[in-house]
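Q: No letters, just coordinates:
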Ligand code: FES
Ligand code: FES
């Protein structure tokens, strides 16, 4: 166990971490940021997606130590002063979820997509989001929400 | 190591753990209204409980606080199917109160009345109508109270926006009417309900009442719950199913700081302060298991056919087979006959939130948070595992990361409780994805055999249908057939199996609707016309006609490698028809679903937004079972317990989906979480046949076979 300092959602936070502990584990267990979800621990489902210096990563496959010194963004840091991030708002408006377990990971992946591609095509969304599983099958609504947040919505 | 002490199993006692006093402690002053079955209602309306604990007769509660906030108590649970919202809408409607004034307390065995569980699409038809009755009765009661208070004619009063209004201009809020007292009223009357044509809140596309908690990540699922002093638990899994533990060397694990190993018979688990340490301890355990030889996937269908369950083999769950007329007579009167054998594989629910539980003991009382569809059954499981009376066990179900029929049992709850008991501290246990894919239960595999006959005019003459192991749900044919023999055969089976969204409805519709296409082909009839010729039920006709019209059935130009198929049926009060368009790459043996249209009728629609979400989601989930989901297993071991080799539908697999709702204001509202999944596989199979002339008779559809045929 060692104490590490992580820059999460703009704050320097200290946590105890084992040598090879995943970022997901440190976020959830060390820092109590449980919005980021465990779905597989194998990099296969996207439920654990967070942004590292703006890039989406699977936090379950990212050693916490490798995130030191980088900007970590999680679902908890998206809304500002009580107002939702446009992607969160679009997910809410389109009700792009059922059980909601995939939602934080979906939203973080979508935020990353829209940063680089503000008006993605369907194919670009599919390409970028294919690693995020929604077992409830809400993909069409997620697609609509991303279009909406990207300014293409009706 | 700790051994479980053996005690005599105490007699289980049913009942509602919360006394009137406790209830008010939870909700504060105000008016509590309970709806109970008329037979249990032995005192006059409003006289109060028959003693403190007689409340097991009460089916549901409602509390109106002095500030007019309303709390409803129901044993149902929310797992994505949207009943937290749709049930609240129904209460708001009948109570004439704003939707946002209603809070649903769900799935907490200490606070909510007993409930069998959330499955079988029963929440809407049963709990929904119960809550509507309760809310309507409460509204009538409030009108009575206001009439008495004002000494006014009851017929001059009306209820709106949580307020009673008199024609004389007086107004009083519901909360104010209760006057800060603690009032309890039991109701057994059958109030008149608001017809669907006059709904204002029910029937509208209200958004999820707590949607914001999901997009901000603040909703706490079971695995997000933390308790003071909580430890992390892990369970050592055997190397194969049905294995027994021969030996265990736990010295290395126990040498780790702050680690405990708990062994109890075949159960071995560890607890540690955090998951890293627990995982490390688990990996240091040296166990030897002894597993029997077990059937493998290669012999699965043979095994099911050859191993009938000794008792209660035929019939529907023990009842006798469904026989109408005589199959022999029917077959000999037919001019065209067909026969086919259809198979369905074992598949996994794979809910994105794996099974999890947090268990906490306080002396001999146990509280467990866990995502289950059956909180009261899990309470019983826990009570019996730890020899407790039911009122010493509380199960709380946070809104769950879905279940699809896969979370009926309390495995994780029992395991966490066992570890917490030994540790003397709260324990959280979260199954890994591999555990979820291995130690949960599966949708049953099955073999279905059909023989049928029809006359030249397209009327069905004979229908013989045998289902081995997959299940009897929706086994009856919705078509008119004068001679039928329909039988479910319970068999021995190699994997732990249980309920799944729609149960065997998907398998039975896959076989039946594939076979109907085969008959249509034999008769040279259009598949839609052939079906309509044999249907009298107007609602079933209507879904077929609606879906076909929207899809453009029969109007599509034939194109190379494009196929169109349809399928339909009804189950659990819901009628569906699904049309699918596919493109086929024959050489690669690949099929792409391009477009799906589904028409659905489940009576009066309570929330079209939530309903569309359910139907579209069911179609997407159905793609998995239709196209690629299969549990591979050899000799008691699962070979593909990961998302990388158990393929589930992803963005790339999603076709254009169009949902047509038929809103029947005159028909009772029925559930919709399950039935919409049933049409996809047969519609796609039929579309593949249309494109290629090759009939695939297995779920998942073995499209690779197209390359060789
Ligand atoms: S939990 Fe990280 S990808 Fe599934
Ligand atoms: S909403 Fe349930 S997994 Fe996506």
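A: On my side now, so go ahead. This is a predicted model, so every value here is computed, not measured. Ligands and ions are numbered 1, 2, ... in the order given.

Q: Just name whatever secondary elements the helix or strand containing residue B:32 is in contact with.
A: Secondary structure assignment for residue B:32, by DSSP states H and E: strand B:30-36. Under the contact criterion of 3 or more Cβ pairs under 8 Å, 6 or more residues apart in numbering or on different chains; DSSP states H and E, strand B:30-36 touches helix B:20-27, strand B:58-64, helix B:129-150, helix B:174-177, strand B:182-187. All C-beta spots, glycine's among them, are computed from the backbone N, C-alpha and C.

Q: average pLDDT across that strand?
A: Average pLDDT, strand B:30-36: 80.

Q: How about stretch A:91-107?
A: Here the average pLDDT along stretch A:91-107 is 97.

Q: Tell me if it is near ligand 1.
A: No. Stretch A:91-107 stays out of contact with ligand 1 when judged by Cβ under 6 Å from any ligand atom, the minimum separation being 7.6 Å.

Q: Now find how far off-centre that stretch is within its chain.
A: Counting by Cα atoms, centre = their mean, to the nearest Å, stretch A:91-107 is centred 11 Å from the centre of its parent chain.

Q: Can that stretch be said to contact chain B?
A: Yes. Judged by Cβ under 8 Å from any Cβ of the partner chain, stretch A:91-107 comes into contact with chain B at A:91-93, A:95, A:97-104, A:107.

Q: thinking again about what came up before, any idea which of the helices and strands packed on strand B:30-36 is most buried?
A: By mean neighbour count, with neighbours taken as mean count of other Cβ atoms under 10 Å in any protein chain shown, strand B:58-64 ranks first of the helices and strands packed on strand B:30-36 at a mean of 24.

Q: can I assume residue B:401 is in contact with residue B:224?
A: No. Using Cβ atoms under 8 Å, residue B:401 makes no contact with residue B:224, being 10.1 Å away.

Q: Show me which of the two is the more surrounded one.
A: When neighbours are counted by other Cβ atoms under 10 Å in any protein chain shown, residue B:401 and residue B:224 differ, and residue B:401 comes out ahead with 30 against 23.

Q: Tell me how many other residues surround the residue of chain B at minimum distance from chain A.
A: Going by Cβ to the nearest Cβ, chain A is nearest to residue B:217 of chain B, at 2.2 Å. Residue B:217 has 26 neighbours, counted by other Cβ under 10 Å.

Q: now it, nearest residue through space, not along the chain?
A: Sequence neighbours aside, residue A:35 is the residue nearest to residue B:217 in space, at 2.2 Å (criterion: Cβ to Cβ, 6 or more residues apart in numbering or on different chains).

Q: Just list the residues touching that neighbour, thanks.
A: Counting by Cβ atoms under 8 Å, 6 or more residues apart in numbering or on different chains, residue A:35 makes contact with A:74, A:75, A:76, A:104, B:216, B:217, B:218.

Q: what's it sitting at in phi/psi?
A: phi -60, psi -30 (degrees, to the nearest 10).

Q: What separation do you get for it and residue B:232?
A: Per Cβ to Cβ, to the nearest Å, residue A:35 is found 19 Å from residue B:232.

Q: which residues does the nearest residue to residue B:477 once chain neighbours are set aside contact?
A: Excluding the flanking residues, the one nearest residue B:477 by Cβ to Cβ, 6+ apart is residue B:463, at 5.6 Å. Contact analysis of residue B:463 by Cβ under 8 Å, 6+ apart lists B:330, B:450, B:452, B:477, B:479, B:481, B:483, B:484, B:485, B:486.

Q: I'd guessed residue B:385 sits against residue B:415; true?
A: No. Residue B:385 sits out of contact with residue B:415 when judged by Cβ under 8 Å, with a separation of 9.7 Å.

Q: Neighbour count: those two, which is higher?
A: Neighbour count, other Cβ under 10 Å: between residue B:385 and residue B:415, residue B:415 has more, with 24 against 19.

Q: Can you get me a residue count around the nearest residue to residue B:568 once chain neighbours are set aside?
A: Nearest-residue entry for residue B:568: residue B:577, 3.5 Å, with adjacent residues in sequence omitted and distances by Cβ to Cβ, 6+ apart. Residues near residue B:577, counting by other Cβ under 10 Å, number 32.

Q: And the helix or strand encompassing residue B:577, what's buried?
A: Taking DSSP H and E as the criterion, residue B:577 maps to strand B:574-585. Buried residues in strand B:574-585, counted by 16 or more other Cβ atoms under 10 Å in any protein chain shown: B:574, B:575, B:576, B:577, B:578, B:579, B:580, B:581, B:582, B:583, B:584.

Q: So for the second one, what's the pLDDT?
A: At residue B:575 the predicted local confidence, pLDDT, stands at 97.

Q: quick one: it and residue B:545 touch, right?
A: No. At 11.4 Å, residue B:575 does not count as touching residue B:545 under the criterion of Cβ under 8 Å.

Q: For the residue of the stretch 551-700 of chain B found nearest ligand 2, give me its contacts.
A: In the stretch 551-700 of chain B, the residue that lies nearest ligand 2 is residue B:617 (7.9 Å; Cβ to the nearest ligand atom). Contacts here follow Cβ under 8 Å, 6+ apart; on that basis residue B:617 touches A:98, A:136, A:137, A:138.

Q: again with residue B:628
A: Neighbour list for residue B:628: B:647, B:700 [criterion: Cβ under 8 Å, 6+ apart].

Q: Repeat that for residue B:553.
A: B:528, B:547, B:564, B:566, B:579.

Q: Closest to residue B:88 out of those?
A: Proximity of these to residue B:88 (Cβ to Cβ) peaks at residue B:547, which lies at 31.0 Å.

Q: got the contact list for the closest one?
A: B:553, B:566, B:568, B:577, B:578, B:579, B:597, B:598, B:599, B:660 are the contacts of residue B:547 under Cβ under 8 Å, 6+ apart.

Q: can you do 7 Å?
A: Residues near residue B:547 by Cβ atoms under 7 Å, 6 or more residues apart in numbering or on different chains: B:566, B:577, B:578, B:579, B:597, B:598, B:599, B:660.

Q: was I right about the fifth one contacting residue B:550?
A: This points to residue B:597. Yes. Here residue B:597 reaches residue B:550: they are 5.0 Å apart, a contact under Cβ atoms under 7 Å.

Q: Pull up the overlap in contacts between those two.
A: B:658, B:660.

Q: between these two, which one's more packed in?
A: It is residue B:597, of residue B:597 and residue B:550, that has more neighbours when counted by other Cβ under 10 Å, with 26 against 16.

Q: Tell me if I am right that that one is in a helix.
A: No. Under DSSP: H, G, I helix; E, B strand; the rest coil, residue B:597 falls outside any helix and is assigned strand.

Q: Secondary structure element for residue B:247, which one?
A: Residue B:247 belongs to strand B:244-249 when assigned by DSSP H and E.
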